[in-house]
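Visitor: just the structure for this:
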Amino acid sequence: MKIDPQQIDLDDIEQLERWIEDAVKDAISESQKVAAEKMQPFMGMLGNLGL
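Guide: Residues are numbered from 1 along each chain as shown. Take a look at the predicted model:
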């Protein structure tokens, strides 16, 4: 990750914190989607076992 110092107002550090928090939330959400997609074939197999 790179932060452009010219884009950051050090008097409004809360803005940077919000950007980082939003980026982390987006990354977690996206990783959960990928994990669900990867697990889908296995869930089908478990359903065939009567679980």
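Visitor: tell me how many other residues crowd Lys16.
Guide: Careful, residue 16 is Leu; it's not Lys. Leu16 has 14 neighbours, counted by other Cβ atoms under 10 Å. To be clear about C-beta, it is placed using only N, CA and C from the backbone, and glycine gets the same treatment.
Visitor: just the pLDDT for it.
Guide: The per-residue pLDDT reported for Leu16 equals 85.
Visitor: not counting its neighbours along the chain, what's nearest it?
Guide: Distances taken as Cβ to Cβ, 6 or more residues apart in numbering put Ile8 closest to Leu16, at 5.5 Å, once the chain neighbours are dropped.
Visitor: separation between the one you found and Phe42?
Guide: 44 Å (Cβ to Cβ, to the nearest Å).
Visitor: and the two? Which one has more around it.
Guide: Neighbour count, other Cβ under 10 Å: between Ile8 and Phe42, Ile8 has more, with 13 against 9.
Visitor: and the more buried one, what pLDDT?
Guide: Predicted confidence (pLDDT) for Ile8: 81.
Visitor: I'm done for today, thanks for sticking with me.
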